[in-house]
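**Q** sequence unavailable; structure follows:
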């Protein structure tokens with residue numbers, strides 16, 4: 001993984017690159033960390049489980065380019081040009097090097113018109129391009145004029161239920177004290193809206209549920225419900241474990257949804273955006289659910305339980321296709 005860096009390598013940009021890589025710039029921007037235990041846990045996971053390249057200077061970049069045979073753009077919402085537009089996300093620093101994308105994302109239904117020509121230029125030297133949403137793939141195909149833009153599975157869904165259960169089992173067992181599997185509803189809500197509590201009242205709660213658990217998000221750290229327990233120290237494996245044990249997951253998050261599907265949990269989707277918002281990301285979840293034959297999961301009276309047997313079969317077929325695409329990208333780099 002390459003952490004974002006600024007060019008040209010002026011003294012100010014070198015300083016910013018260092019501060020960004022070490023989380024100092026984030027502290028300046030957002031102030032006091034509301035959930036420091038969560039932040040420490042995530043950073044510890046990233047240090048031990050991921051290899052990260054930090055680029056501060058031209059010398060660092062030159063070394064990176066010499067040592068890398070293939071650059072792959074793959075992060076979530078990397079190409080969401082309604083939210084940000086930077087050449088870095090399109091790997092502009094690796095001109096002349098082999099490039100591809102795996103399951104990257106534009107996050108929304110399209111690329112704003114003002115950026116389309118530049119996006120086309122940035123992607124002109126990519127040998128392979130794939131996105132995780134069909135709407136995003138269609139938009140990039142139109143912009144680039146390429147008929148070979150693929151839709152592949154989000155990396156979360158490349159792994160099966162057993163993999164995620166094994167990851168959940170690695171979390172500290174003390175974290176799950178006083179939580180009985182299958183006896184709580186888990187809420188992970190990104191939309192910051194004072195009306196959230198009222199909008200959630202109509203959601204059908206499974207029988208036997210005795211607790212409500214909230215994982216606060218960075219976008220919505222103050223979300224609360226009467227009587228709910230707020231778990232602000234959940235790192236990555238703790239998050240997975242909480243999803244695994246939930247009787248129902250209520251979320252407006254794409255990856256909250258994807259992980260619920262991977263762990264075969266019942267879930268309800270609330271809408272984070274108005275469908276009329278040009279920057280709406282609702283299409284991401286709709287694309288995923290349509291791809292898996294699940295259909296709409298927004299709150300409604302009598303919403304049926306999910307039959308994961310049919311979903312599992314679709315997932316296996318899509319995993320095979322996605323792995324073939326990824327194998328082709330990697331084998332060409334050998």
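**A** Done, it's in. Keep in mind the model is a prediction, meaning the values are calculated, not measured.

**Q** domain parsing for this structure?
**A** 11-155, 157-313 (automatic domain parsing).

**Q** mean confidence (pLDDT) on the last one, please.
**A** This predicted structure assigns domain 157-313 an average pLDDT of 94.

**Q** and the helices in the protein?
**A** According to DSSP state H, the chain carries its helices in the segments 11-21, 24-30, 36-49, 58-67, 113-122, 134-144, 155-158, 161-169, 196-200, 236-245, 254-262, 282-291, 308-333.

**Q** now those helices in CSV, with distance to residue 83 and mean neighbour count?
**A** C-beta: built from backbone N, CA, C; applies to glycine. Below are these laid out as CSV (distance: least, C-beta to C-beta, whole Å; neighbours: other C-beta atoms under 10 Å):
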stretch, distance to residue 83, mean neighbour count
helix 11-21, 17, 15
helix 24-30, 15, 11
helix 36-49, 21, 14
helix 58-67, 25, 13
helix 113-122, 12, 14
helix 134-144, 14, 19
helix 155-158, 20, 19
helix 161-169, 28, 15
helix 196-200, 22, 14
helix 236-245, 23, 22
helix 254-262, 14, 23
helix 282-291, 13, 20
helix 308-333, 25, 14
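
**Q** and those helices as a markdown table, adding distance to residue 5?
**A** Below are the helices of the chain laid out as a markdown table (distance: least, C-beta to C-beta, whole Å):
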| stretch | distance to residue 5 |
| --- | --- |
| helix 11-21 | 4 |
| helix 24-30 | 12 |
| helix 36-49 | 17 |
| helix 58-67 | 8 |
| helix 113-122 | 17 |
| helix 134-144 | 25 |
| helix 155-158 | 23 |
| helix 161-169 | 30 |
| helix 196-200 | 37 |
| helix 236-245 | 24 |
| helix 254-262 | 25 |
| helix 282-291 | 27 |
| helix 308-333 | 23 |
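
**Q** which stretch among those comes nearest residue 298?
**A** helix 282-291 (9.4 Å; C-beta to C-beta).

**Q** now do the closest one: which elements does it pack against?
**A** helix 134-144, helix 254-262 (3 or more C-beta pairs under 8 Å, 6 or more residues apart in numbering; DSSP states H and E).

**Q** residues contacting the longest one, please?
**A** If I follow you right, that is helix 134-144. 79, 105-107, 109-111, 116, 119-120, 123-124, 129-131, 146-147, 149-151, 283-284, 287, 290-291 (C-beta atoms under 8 Å, 6 or more residues apart in numbering).

**Q** what angle separates it from helix 282-291?
**A** Here helix 134-144 points in a direction 110 degrees away from that of helix 282-291 (axes from the mean of the first three to the mean of the last three C-alpha atoms, to 10 degrees).

**Q** what angle separates helix 134-144 from helix 113-122?
**A** 80 degrees.

**Q** could you give the mean pLDDT of helix 134-144?
**A** 97.

**Q** that older thread, make TSV from the helices and strands packed on helix 282-291 and add distance to residue 320 to it.
**A** Output for the helices and strands packed on helix 282-291, formatted as TSV (distance: least, C-beta to C-beta, whole Å):
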stretch	distance to residue 320
helix 134-144	18
helix 254-262	16
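
**Q** adding distance to residue 321, write the domains of the chain out as CSV.
**A** Conversion of these to CSV gives the following (distance: least, C-beta to C-beta, whole Å):
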stretch, distance to residue 321
domain 11-155, 7
domain 157-313, 11
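
**Q** residue 326: which of those is closest?
**A** Closest among the domains of the chain, using C-beta to C-beta: domain 11-155, at 5.8 Å.

**Q** what's the first-to-last distance across the closest one?
**A** 37 Å (C-alpha to C-alpha, to the nearest Å).

**Q** and it, how far out from the chain's middle?
**A** 12 Å (C-alpha atoms, centre = their mean, to the nearest Å).

**Q** can you get me a residue count around the residue nearest to residue 58 when sequence neighbours are not counted?
**A** Nearest residue to residue 58 in three dimensions, chain neighbours excluded: residue 9, at 4.8 Å (C-beta to C-beta, 6 or more residues apart in numbering). The number of residues packed near residue 9 is 17, by other C-beta atoms under 10 Å.

**Q** OK, contacts around residue 9?
**A** 56, 57, 58, 61.

**Q** and if you look at residue 151?
**A** So residue 151 contacts 130, 131, 132, 133, 134, 137, 291 (C-beta under 8 Å, 6+ apart).

**Q** equivalent analysis for residue 271, please.
**A** Applying C-beta under 8 Å, 6+ apart, the residues near residue 271 are 191, 252, 282, 298.

**Q** at 10 Å instead, please
**A** Residues counted as contacts of residue 271 (C-beta atoms under 10 Å, 6 or more residues apart in numbering) are 191, 199, 252, 280, 281, 282, 285, 298, 299.

**Q** make CSV out of those residues and add distance to residue 37.
**A** Compiled in CSV, those are given as follows (distance: C-beta to C-beta, whole Å):
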residue, distance to residue 37
191, 24
199, 29
252, 24
280, 33
281, 28
282, 32
285, 29
298, 33
299, 32
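
**Q** closest one of those to residue 328?
**A** residue 285 (27.9 Å).

**Q** hmm, that closest one is touching residue 251, no?
**A** Yes. With contacts counted by C-beta atoms under 10 Å, residue 285 reaches residue 251, the gap being 9.1 Å.

**Q** and for those two, which residues touch both?
**A** 257, 258, 269, 272, 297.
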